[in-house]
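*Asks:* with the input below, show me the fold.
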Amino acid sequence: MPPPKRLHFIAIGGSAMHNLAIALHRQGFDITGSDDEIFEPSRSRLDRLGLLPDRLGWHPEDITKEIDAVILGMHARIDNPELKRAQELGIPVYSYPSYFYERTKSKTRVVIGGSHGKTTITSMIVHVLRHAQVEFDYLVGAQLDGFDCMVKLSDSSRVAIIEGDEYLASALEPVPKFHLYKPDIALISGIAWDHVNVFKTFESYVDQFRKFIACIEPGGKLVYCTEDGTVREAGEEKEVKAQRVGYGVPKHRIVDGVTILETAHGDVPLQVFGKHNLQNLEGARHVCHLLGIGEKEFHAAIGTFHGAAKRLEKLAESPGRIVFKDFAHSPSKLKATLEAVREQFPDRRLVACMELHTYSSLNEGFIDQYAGCMDAADHAIVFYDPHAVELKRLPPIPVERVKRAFAREDLIVLNDPIAVMGEVRKGIGGDSVLLMMSSGNFGGLDLQALSEAFTA
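*Replies:* So this is what the prediction gives:
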């Protein structure tokens, strides 16, 4: 039996990077890695399997000719000493998307792209395929129930399901990740300007999706949301060679806070809600159909899907009160999430708190995109941590500037997590819903304690 291939991960602590390292370790590969900072949960997960680096930092002396390939994370810079040593030795270097493509290029690759909804759609497809007992490889951005690793590669599967991020792949491959997967089936859920530190204009951002469409393999399919005008325009350009499959919101009704899908096979009560989730479901249905899953089987499975982690995730509930947390942070995600909760609970007081956390959201040139995004809330709170602004080397944002950006005079703007706890408690009154939205952690705020206080 030949010895396992040796792979070294530069910046192993990243979300996708550490999951790929774990998946390959389980396949019998000899995995080593390095990073200058590793946070939870990556740290504990790597440590349990003996994959956590002995020491932090970059150590070019550890890069030897015995290593078969290096996988380079986006966190590593172009002048990384380990990368330079690997190049001197002629060791092949891959970004994780290019490596994943190499391992799946003989399979049917499904790539889910979009500014919002891609994690949920990918999760829905994975859920249905698992229900149908179809073997598949996958690369998913969120933690899923029943999966302890978000990457899987095997020699026997014929299908790969990939969440296609539009952020850059690595310092050596400074192109959007989803350009590297070359899909047989591509899906685009929605386009709303994001990653403004890389894509300086909306048009340059949209152009990345046009290039993604051009990456579809000959004879491939494009599944796209026709209710998003920008997606529809890009998907229906005459240059598109892929077979096109459009989708929108399926027929449904809401009864006592439950969304019921109306299908040819009867009613299907859902555990998710909101216009965007219904669009996501319809996109997932078309992809699953292209993979040979019948509608009856799809609907039987989707009724048991209760969402991806951090996407309208229920934290606590008591009679008349409920708390959700959501990953929403960009303007389009924020607006869609608030409107979904408002539609589902029209008679309840809606208290919404979001954190400005990403580079885009804290950027003076972008923040005005948030105008009107929190209008659906009865009580609206925005939190930002001044330390996060400093770390991103951005100028301070005055409170009045944030209010002006959101175009809401009664907006409460806070930068102390304890003050958030107090403000949320002020919002309690009668039947209420609390929605906490961030890609960060509200300055270390204990969301579980907050939820228990709100629902007490």
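
*Asks:* so where is the stretch 51-200 of the chain shaky, pLDDT-wise?
*Replies:* Applying pLDDT under 70 to the stretch 51-200 of the chain flags the ranges 142-145.

*Asks:* ok, residue 337 - how many residues close by?
*Replies:* Neighbour count for residue 337, taken as other C-beta atoms under 10 Å: 27. (C-beta placed from N, C-alpha, C; glycine too.)

*Asks:* what strand or helix carries it?
*Replies:* helix 331-344 (DSSP states H and E).

*Asks:* helices or strands up against that helix?
*Replies:* helix 275-290, strand 321-326, strand 349-355, strand 432-437 (3 or more C-beta pairs under 8 Å, 6 or more residues apart in numbering; DSSP states H and E).

*Asks:* which residue ranges of the chain form helices?
*Replies:* Using DSSP state H, the helices of the chain run over 15-26, 42-48, 81-89, 96-104, 118-131, 202-214, 229-235, 275-290, 295-302, 331-344, 386-391, 399-406, 417-426, 447-455.

*Asks:* how far out from the middle of the chain is the shortest one?
*Replies:* How far helix 386-391 lies from its chain's middle: 23 Å, per C-alpha atoms, centre = their mean, to the nearest Å.

*Asks:* what comes into contact with it?
*Replies:* Helix 386-391 is contacted by residues 357, 362, 395, 396, 397, 415, 440 when judged by C-beta atoms under 8 Å, 6 or more residues apart in numbering.

*Asks:* need the phi and psi values for the residue nearest to residue 248 when sequence neighbours are not counted.
*Replies:* Using C-beta to C-beta, 6 or more residues apart in numbering and skipping residues adjacent in sequence, the residue nearest residue 248 is residue 227, 4.6 Å away. Main-chain dihedrals, residue 227, degrees, to the nearest 10: phi -90, psi -10.

*Asks:* number of nearby residues for residue 227?
*Replies:* Residues near residue 227, counting by other C-beta under 10 Å, number 16.

*Asks:* just the one 4 residues further on next, same as before
*Replies:* Neighbours of residue 231 under the rule other C-beta under 10 Å: 23.

*Asks:* the one 4 residues further on now?
*Replies:* Applying the criterion other C-beta under 10 Å, we find 23 residues in the vicinity of residue 235.

*Asks:* which non-adjacent residue is nearest it?
*Replies:* That would be residue 224: by C-beta to C-beta, 6+ apart, it lies 3.9 Å from residue 235.

*Asks:* so that neighbour touches residue 242, yeah?
*Replies:* No - the criterion here is C-beta atoms under 8 Å, and residue 224 misses it with residue 242 at 9.6 Å.

*Asks:* looking at the two, which is more packed in?
*Replies:* Taking neighbours as other C-beta under 10 Å, residue 224 and residue 242 compare with residue 224 leading, 30 against 22.

*Asks:* check contacts around the more buried one.
*Replies:* 187, 188, 231, 232, 234, 235, 244, 245, 246, 247.

*Asks:* write the ChimeraX selection for whichever of the contacts of helix 386-391 are buried.
*Replies:* Buried members of the contacts of helix 386-391, defined by 16 or more other C-beta atoms under 10 Å, are picked up in ChimeraX with:
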select :357,362,397,415,440
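
*Asks:* now, which of the contacts of helix 386-391 sits nearest residue 325?
*Replies:* Closest approach between the contacts of helix 386-391 and residue 325, by C-beta to C-beta: residue 440, at 11.6 Å.
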